[in-house]
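Enquirer: Please work out how this folds:
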Amino acid sequence: MRRFLRPGHDPVRERLKRDLFQFNKTVEHGFPHQPSALGYSPFLRLMAIGTRSGAIKLYGAPGVEFMGLHEENNTVMQIHFIPDQCQLVTLLDDNSLHLWSLKQHGGASELREEHRFTLKGPPGSSPSATQITAVLPHSSREVLYLGTESGNIFVVELPSFRVLEDRTITSEAVLQRVPEDYCNRRSCELVEALRERPKNPDQILIGYSRGLIFLWDLQTVVYLSLQQLENLYWQRDGSKFVSCHYDGSYTQWPVSSDNRQPEPLEHLVPYGPFPCKAISKIYWQTTKNGLPYIIFQGGMPRASYGDRHSISVVHGSQQTAFDFTSRVIDFFIIFSSEPTAEFDDPSAMVVLAEEELVVIDLKTAGWPAVHPPYLASLHCSAITCSHHVSNIPLKLWERIISAGSKQNIHYSNMPWPIDGGTSIAPDPPQRDLLLTGHEDGTVRFWDASGVCLHLLYKLSTVRVFLTDADPNDNMNTLGEDEWPPLRKVGTFDPYSDDPRLGIQKIYLCKYSGYLAVAGTAGQVLVMELNDEDAEHVVDHAEADLLQDQEGYRWKGHEKLKTRDGPVRFEAGFQPFVLVQCQPPAVVTSLALHSEWKLVAFGTSHGFGLFDHQQKRLVFVKCTLHPSDQLALEGPLSRVKSLKKSLRQSFRRIRRSRVSSRKRRGGSGNVQEANAKFDQDTLQEMELAPVQRKIEARSAEDSFTGFVRTLYFADTFLRDSSRHCPSLWAGTNGGTVYAFCLRVPPAERRMDEPVRAEQAKEIQLMHRAPVVGILVLDGRSTPLPEPLEVAHDLSKSPDMQGSHQLLVVSEEQFKVFTLPKVSSKLKLKLTALEGCRVRKVTVANFSSCKTDDYSENDLAVLTNLGDIQIISLPFLKLQIRYPCIRKEDVSGIASCVFTKYGQGFYLISPSEFERFSLSAKWLVEPRCIVDMPEVTSNNHVHTKSALACFTCSQMMCLTPDSCTLQGLGVTGKTELLACEGMVESSSSHLGTSGNTSRPDTHGHPIRILFQKFRKVL
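Expert: Have a look, this model is predicted:
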């Protein structure tokens, strides 16, 4: 019975696990998936983005990020900040309004939902009567104006969302003031726009979709337009406003003091006279030189440019139509928000497109784009793979940044204009790189050290090959007389010149600067970092993985054609050798050993080893099974194998049923007796879990020769007295190959060839795919990375004790002794847990309590989306965390672990979710937003607040004076105590949501000081 018992819990180990492991999803990197709304607060200098999934994200200065999620998961239609407050209102497509507040908690600001509200009409009314189409937060910060489809405008109180019935503006009341001839022809229809008049908050400009515009006040002024209205915009001084229309025109209107119907000052179709698309939004910005900036979305000629997504900027004789590669969701202009400023003087235009964020510098000649520090368009070309490198040496880091800066000379030098809030997160402890491979043959280097995922450098492999597109083509080249003056902006370009260019595997050595990149058509490029532009010939080598075996014919795509002669490369990583696999199948595994100057690569047909110093092929090994014809069909021909796959699946089911019937053939009475005995004798003992029976996979299954992993190690392979370099390869059919390598010493490295000889071949019993191989030294520590010991960043491996080989398959972990390769220990993950391994890596976990303890463990991601941490070398499960939904197959496939217990996975084509498994290493946004106060003399400073929840009075305390609003007490004071007073941050003002306040009826001046001293 002893073998069925589990060891008891060790309380010391349990405490240590709490100090080592902690799961957190920390931050989402990249561009929000399917954005649907945009908002901006000039007061807080924060930008808000809403998505179709109900998420709302706030961004300010780099590192200042907030995220909230509506419970309903409905599309966010509109976002509006409350003027001069740390609050915003969102409108969802279910017609609900939500009030959000930025509040301080634990020393940092948090975004919280305070209230929600749905506008309801009288019983029996149609849904359109209360369907909200326009929202206006009033400058008084007390009410919201809500325009509806029925033409009615409701006024609701903040923050309670109480409808003020007596202030409702009905469509009937509006029609009473419309000329009779217009009223007979048209109805008000829906409210398109609501705008408060600058410097006169009592007047509201109302625009209806049929072209009717009202300036609503005690004296109503009516503006009649013959075109369908799209939007309205006030000029800064409130003397004029602009309306834009469905026919691609805009009109400038004066504001008169009498009740006469004004005539338009200007009516213009910018891209006429041919029919044009609607202008959906417009800005009219005044400047000191007298020439306004007229900025509008749309208005392109419908026939020739109706499919363009454009925003036009007109300033005097300058005019540019910025052409975006995806649909424009919304945009706003950053201009002077000082109340005393006479002119707008716009500085930047911020455009939210469906796939990227673009910021245009309006101060610099030529209106260049601003390089964004966050919200990067990760999916400007579809991500095909990713690779993380931790703790980059400073010299390499600076060289990569230098190469990237030369690519960014066309960007503006303007500081990032959205700079609200302050990041209080600690500086990153190290420099980390996240490399992403893309479908268009590019590799992008991202700064993944902190909260902001920032692009450092972009590498393109296209120049090595001949493609249909010329890399020197400039999409932005325009003729002098071309009209409209379109200019491409943004980086999103989902179209690839050739799908064979796609990057599949990346391996970077941070110590030597060597980079290996492998692609879809069997191409393997080895590169080195060069600080200057260079022109040289790329050496070619071919690796025939089929080794001229007869009876095999490749049915997939052809290899890429290479350029003849010298090729010019810009500063950065420059390829010096190309290895072309034959057949040109997708490269499925890649390993680089920069100390030995070797690169190993594998496909679905086999694997090979290449000496990139001598530029010669060392060996190739074919792993193709004779019956595996599917591996020869290529990625575009797999539909043919559907019937074969179904047949194999039914055969497995049939075999499983037969074996289960055989197991059930015993007597039921014997089973009952055994169960009773077990219950009596093991009542208080914890039993080991029952193992599932796992059917062995057939050698005839498809893709058994698929090479899943490659690994270099200096270990004992032939005998226990001498260690040597070795190469290990694991296949989809559960086979592990080990090759002994003879690498000449440095002084004879160029004279003698590298030699390889197969030393071992291991076949796992269940033929489960091998997903990881690892060698442990005499101290049971994973072998260090190449050149890590030479740079004094790791201890030398223990070569005195016996080494161990860890083979990780989809179903189990198994430890073998070396060099005999005898089984020592195993953990049957699939039999115990019912899941399969998808990703595995070695991670170092440090204690958050002490600096002198750390350990290496395995971080494992399963097909169920769980992450398990397994100890080394005893293979004990330490902890399990649910991380990714098991239905999210692409998220599981995209996951990449870091060396220090963090990870990334794609939650959408454009976003990485970052998570941490370590209790010590945690990268998350931590920021604070102080609410400025605008005083009577227009000085802006931070105010703290004290809130008395006994009488609901709010008192604002400034550093120099104390003003008790409602009590009339002013002067320089020292506040000691107040009954019912609690200290509150400025972001709590009027938004605490605390509804359980003490009863204060009968004593309106309940705020009395127990001790109050006035300091003169």
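
Enquirer: Pick out the residue closest to the middle of this structure.
Expert: For the chain, E911 is the residue whose C-alpha lies nearest the centre (C-alpha atoms, centre = their mean; 2.5 Å).

Enquirer: For stretch 348-366, which residues meet the burial criterion?
Expert: For stretch 348-366, the neighbour count (16 or more other C-beta atoms under 10 Å) marks 348-362 as buried. (C-beta placed from N, C-alpha, C; glycine too.)

Enquirer: Show me the shaky parts of this protein.
Expert: 1-9, 181-188, 218-219, 258-259, 469-481, 548, 627-696, 698-702, 932-1016 (pLDDT under 70).

Enquirer: where exactly do the helices run in it?
Expert: 11-20, 171-175, 180-185, 302-305, 394-407, 642-663, 668-681, 829-833, 889-894 (DSSP state H).

Enquirer: ok, and for the shortest one, which residues are buried?
Expert: Within helix 302-305, the residues that qualify as buried are 302, 305, counting by 16+ other C-beta under 10 Å.

Enquirer: cool, and the last one?
Expert: Taking 16+ other C-beta under 10 Å as the neighbour-count basis, helix 889-894 is seen to contain the buried residues 891-892, 894.

Enquirer: could you redo the residues you listed as a markdown table and give each row distance to G572?
Expert: Formatted as a markdown table, the buried residues of helix 889-894 follow (distance: C-beta to C-beta, whole Å):
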| residue | distance to G572 |
| --- | --- |
| G891 | 31 |
| I892 | 32 |
| S894 | 25 |
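
Enquirer: Among these, which one sits closest to L44?
Expert: Closest approach between these and L44, by C-beta to C-beta: G891, at 33.4 Å.

Enquirer: distance of that closest one from L864?
Expert: Plainly put, G891 is 12 Å away from L864 if you go by C-beta to C-beta, to the nearest Å.

Enquirer: which residues does the nearest residue to D611 once chain neighbours are set aside contact?
Expert: Excluding its sequence neighbours, the residue lying closest to D611 (C-beta to C-beta, 6 or more residues apart in numbering) is V754, at 4.9 Å. Applying C-beta atoms under 8 Å, 6 or more residues apart in numbering, we find V754 in contact with 596, 598, 609, 611, 614, 618, 741-744.

Enquirer: repeat for C835
Expert: Counting by C-beta under 8 Å, 6+ apart, C835 makes contact with 829, 862-864, 866.

Enquirer: Nearest to Y853 among these?
Expert: Relative to Y853, the closest of the contacts of C835 is D866; by C-beta to C-beta it sits at 26.2 Å.

Enquirer: so what's the closest one up against?
Expert: Taking C-beta under 8 Å, 6+ apart, we find D866 in contact with 835, 880-883.

Enquirer: ok, now how distant is it from L793?
Expert: 32 Å.

Enquirer: residues in contact with the closest residue to P909 other than its chain neighbours?
Expert: Nearest non-adjacent residue to P909, counting by C-beta to C-beta, 6+ apart: H379, 4.5 Å away. H379 makes contacts with 30-31, 355, 492, 494, 909-910, as judged by C-beta under 8 Å, 6+ apart.

Enquirer: which one of those residues is nearest Y900?
Expert: G30 (21.4 Å).

Enquirer: count of neighbours near V620?
Expert: 19 (other C-beta atoms under 10 Å).

Enquirer: thought it was touching H605?
Expert: No: if you go by C-beta atoms under 8 Å, V620 and H605 don't touch, sitting 9.4 Å apart.

Enquirer: So for the two, which residues contact both of them?
Expert: Common neighbours of V620 and H605, counting by C-beta under 8 Å, 6+ apart, are L545.

Enquirer: Any figure for the gap between L232 and L922?
Expert: Distance, L232 to L922, using C-beta to C-beta: 47 Å.

Enquirer: Among the two, which residue is more densely surrounded?
Expert: It is L232, of L232 and L922, that has more neighbours when counted by other C-beta under 10 Å, with 22 against 16.

Enquirer: With G106 as the reference, measure out to the residue nearest to the centre of the chain.
Expert: 26 Å.
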